[in-house]
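S.K.: structure for this input, please:
(chains A and B)
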Protein chains: 2
Amino acid sequence: MELSVVPIDLDSDTPTVVLHGDDAIEIGVHPMDRVQLTQNGGVTIGVVKETTALVDRGEVGLTQPLSQLTGTVTVKPAPYPQSMRYIRRKLDDNELSRSEIRTIVQDINNNRLTDVELSAYVTGIYTNGLSLEETTFLTECMADVGDRINWDEPVIADKHSIGGVPGNRTTPIVVAIVAAAGVKIPKTSSRAITSPAGTADTMEVFCPVDLTRESIERVVRNTNGCLVWGGSVDLSPVDDRIIQVETPLSIDPHGQVIASVLSKKRSAGSTHVVIDIPYGEGAKVESLPESRKLARDFKRVGEHLGMRVTCLITRGSGPIGSGIGPALEARDVLAVLEGTGPGDLRSKSVQLAAKLLELCDVDADADELLASGHAAESFRQIVDAQGGDSTITTASIPIGEQTKTVYASRDGVVTHIDNSAVSDVARRAGAPKDIEAGIVLHENVGTTVSQGDRLFTIHAQATAKLNDAVELADRVSVYRILHPDETLIEQVG
Amino acid sequence: MELSVVPIDLDSDTPTVVLHGDDAIEIGVHPMDRVQLTQNGGVTIGVVKETTALVDRGEVGLTQPLSQLTGTVTVKPAPYPQSMRYIRRKLDDNELSRSEIRTIVQDINNNRLTDVELSAYVTGIYTNGLSLEETTFLTECMADVGDRINWDEPVIADKHSIGGVPGNRTTPIVVAIVAAAGVKIPKTSSRAITSPAGTADTMEVFCPVDLTRESIERVVRNTNGCLVWGGSVDLSPVDDRIIQVETPLSIDPHGQVIASVLSKKRSAGSTHVVIDIPYGEGAKVESLPESRKLARDFKRVGEHLGMRVTCLITRGSGPIGSGIGPALEARDVLAVLEGTGPGDLRSKSVQLAAKLLELCDVDADADELLASGHAAESFRQIVDAQGGDSTITTASIPIGEQTKTVYASRDGVVTHIDNSAVSDVARRAGAPKDIEAGIVLHENVGTTVSQGDRLFTIHAQATAKLNDAVELADRVSVYRILHPDETLIEQVG
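M.R.: Alright, predicted model coming up:
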């Protein structure tokens, strides 16, 4: 059917085709069906939604991913995408071939799969798993569809954390140390999706992170490192689409995690990668055997692709550092670089940097590079090269002035700080959108406290959000305080 | 955030909340997130889409399922629905409890799950399966959330086919025979979703099928039977929502099939049910062991719920009857009732009716009831009671006048008629929307044919659709004709 195009401004990711209900019947399609749009011999795929008011009969509403189409298009039912047959094979617990996996990745990349189908893919590889061989194929295919940076250097260092731990802003410190050791480390990071801050959000406190590829190459040539937002370079378009369904489902199939991380590293031209796998209660990986398996698989798939990979399994049962939220974490990062700052953040960052330097076969002392101020110097060079103010000091980073401190309601030892409670309260206070909002933790696990001691302070930019966060903090247990002899945590029923 | 409501006319099933992008950031939600809408203390759940043009800042667009809300509403992030925790437990291959299953069913019923989440549910029970106990709980919970009809009779007969076979319009014939035997059989049927006709589409050729519950009860009291569209009574709202994601995925998890069918039967007040399980190449169930397992599980779950269930495993590797499409199938049905018509459709219908009568402990001869014209009389009474023309004759049913016949290209024996090819060509010709469109099969499997013999005729109401269907029929193999000694079906590579 020949229809005239009306642009519809609704979301940005799924190519949506809004048809008048009567036209949809005429064409023989239902909501969620796939249609092909033909114009001048070119064929594009979209997913049907029906209306009786947004467009008239004879018109077709197209959302942003289809905005290249104007004038009139021919709309027809589209064939079932080949990749759905392979996804169904995975649901039936078959091992997929390289070419089947390639077809799935290409169909995701070309936006041929609907949300429902993509959810079936993610769920299927979660329940039935991917073999090491399938994971390797998936990593290769995902790397193949994105851009690729070639550095023409034998050693390009990189680090990654699988996340799930509030604070934990080791990346800027690791990059600073490694760059100071003379090793190239062009780091791309994400913004927060479900957390109070991503590395890109924190770095934005210091300098722009939305750099072009040319700027990135210039910064790295001049400073050995960079700390930019990954979204500004299109290294892994397929990963972005998969995350859209993984996030609401809160599932992270291991094979997909490995493929997502390593395909991005491969596209970024990295050769030596250290991976932080935080494990423990409330972390993404809760058991030690599970984290060991993930680590081994990372290493094997990496090696198969010609990358040297080391994984560090780290304590993930509570936050790392004291600030949670973009500006508060930025203060921690700068403090550690200048010789103060939270001890756990410092020690973890030094260990990651040391392992990465060792993996790169570079004879340099990470601890010394930090203690001597060389790392801080490298960090300021990077900030400067990315267009930020390199004279920034910890105290000059503004933090939310609306505050409320929470005190210990009893004597005892801090035995647990809850990752998701910390994260939820910081988000409720406004992070990451309000960059000055979040939490400062005053006491770490293992500390003996008395009733009335400060535990944590909530910072916000707006009073309403402070009140919301305080109200939430009252309901959830952020800190757990027990006497050394106490064993009871909760009574049920 | 307090926003003023703007109605948005887009689809009808998912409660969609269209927010201006800036408001979404302010509220702290992303596309596909769930929000709760509060008004006068009442709370409703919806799923976020973002726009920068469809609504302004300060406005919220609500689709049809939320049309009860007008004026202003308060929009907040909604808590993660409890049922997603249980769905994740199923993804981790745990057995779910009755109360966990109840929560899932209630959340689906209250539209609390997004398409992505519902897809994860369907995929999870497909890959990890449901135990017999879980299936029983699911059936009970699904029946509990819908309407229920109470007939105050010890025996209410019913039949169901799990489908997948073109033609196969046994239901009107079975209902006519059973009603003629004096047994109450209030039959609700579906319309076509992916097939060229559903029983409701075919019956609509004879009479209205969209009856109120009161009319259904009157028709059944007067004639012992009815043949109505299930959508006119809200017996299984949850099933309708699940089908929306099963259809694009083309998966039908066994436990879900059993729960969907039996919960509907339970809500309809049925006590004795015969279930047709067509199996074979191109049917929904392709292996005999698999169809036996499905049959046993149907029987066990039914018994647990106090229903007597018999399953007949039938030949499903090809179409049953010769007409495919609403009017062409209606002609077959009437012809069988009047003593002519396709032999396979007659024999299958008689067998299903005989088994159902036997199950109901009724001493009546199905074959005799059909041969004597009593069944035809019952059928005409039902058609009359539903408001149709009971004097209708086979020849007076209009069928598509645009036709094209396809002939055998070689001598041989018809060894296979492809279900999905038949279905696709009939739909391309216009069925089920064009009720006179479809296919008439002239030769059945096992017949010896000579080159140039008629194989099938495509009927359409519009020339363009006839041409489309002819073009498709040229590309797919509707009939397979081999010499008796031939074994090669296809060469690959």
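S.K.: from chain B, how far out is the nearest residue to residue A:308 once chain neighbours are set aside?
M.R.: Distances taken as CB to CB, 6 or more residues apart in numbering or on different chains put residue A:272 closest to residue A:308, at 4.8 Å, once the chain neighbours are dropped. Backbone N, C-alpha and C define where each C-beta goes, glycine included. Going from residue A:272 to chain B by CB to the nearest CB, to the nearest Å gives 34 Å.
S.K.: can you check residue A:41 too?
M.R.: In terms of CB to the nearest CB, residue A:41 sits 19 Å off from chain B.
S.K.: distance of that residue from residue B:391?
M.R.: Applying CB to CB, to the nearest Å, the value for residue A:41 to residue B:391 is 54 Å.
S.K.: just residue A:80 next, same as before
M.R.: From residue A:80 to residue B:391 the distance is 44 Å (CB to CB).
S.K.: looking at these two, which is more packed in?
M.R.: Shown here are residue A:80 and residue B:391; by other CB atoms under 10 Å in any protein chain shown, residue A:80 has more neighbours (12 against 9).
S.K.: for the more buried one, what are its contacts?
M.R.: A:34, B:250 (CB atoms under 8 Å, 6 or more residues apart in numbering or on different chains).
S.K.: what's the answer for residue A:380, then?
M.R.: A:390, A:391.
S.K.: now it: which helix or strand?
M.R.: helix A:374-385 (DSSP states H and E).
S.K.: again with residue A:485
M.R.: Residue A:485 belongs to no helix or strand when assigned by DSSP H and E.
S.K.: ok, now residue A:294?
M.R.: Judged by DSSP H and E, residue A:294 forms part of helix A:288-304.
S.K.: for that helix, which outside residues touch it?
M.R.: A:132, A:135-136, A:139, A:162, A:254-255, A:257-259, A:261-262, A:273, A:275, A:277, A:279, A:285, A:308-311, A:313.
S.K.: next one: phi and psi at the closest residue to chain B within the stretch 301-450 of chain A?
M.R.: Nearest residue of the stretch 301-450 of chain A to chain B: residue A:433, at 5.7 Å (CB to the nearest CB). Per-residue torsions, residue A:433: phi -60, psi -50 (degrees, to the nearest 10).
S.K.: list the contacts for it?
M.R.: Counting by CB under 8 Å, 6+ apart, residue A:433 has contacts B:25, B:26, B:28.
S.K.: can you give me the distance of the first one to residue A:325?
M.R.: When CB to CB is the yardstick, residue B:25 and residue A:325 sit 16 Å from each other.
S.K.: which of the two has more neighbours?
M.R.: Neighbour count, other CB under 10 Å: between residue B:25 and residue A:325, residue A:325 has more, with 35 against 13.
S.K.: so where does residue A:48 fall, helix or strand?
M.R.: strand A:42-51.
S.K.: can you tell me the SS state at residue A:487?
M.R.: At residue A:487 the chain is in coil, as set by DSSP: H, G, I helix; E, B strand; the rest coil.
S.K.: once you drop chain neighbours, what's closest to the residue most central in space within chain A?
M.R.: Chain A has residue A:190 as the residue nearest its centroid, 4.8 Å off, counting by CA atoms, centre = their mean. Leaving out its chain neighbours, the residue that sits closest to residue A:190 by CB to CB, 6+ apart is residue A:198, at 4.7 Å.
S.K.: and the one you found, how far from chain B?
M.R.: 14 Å.
S.K.: thought residue A:432 was touching that residue, still the case?
M.R.: Yes - at 7.1 Å, residue A:198 and residue A:432 qualify as touching, with contact defined as CB atoms under 8 Å.
S.K.: mind checking the SS state of residue A:36?
M.R.: Classified using three-state DSSP, residue A:36 is strand.
S.K.: I am finished for the moment; much appreciated.
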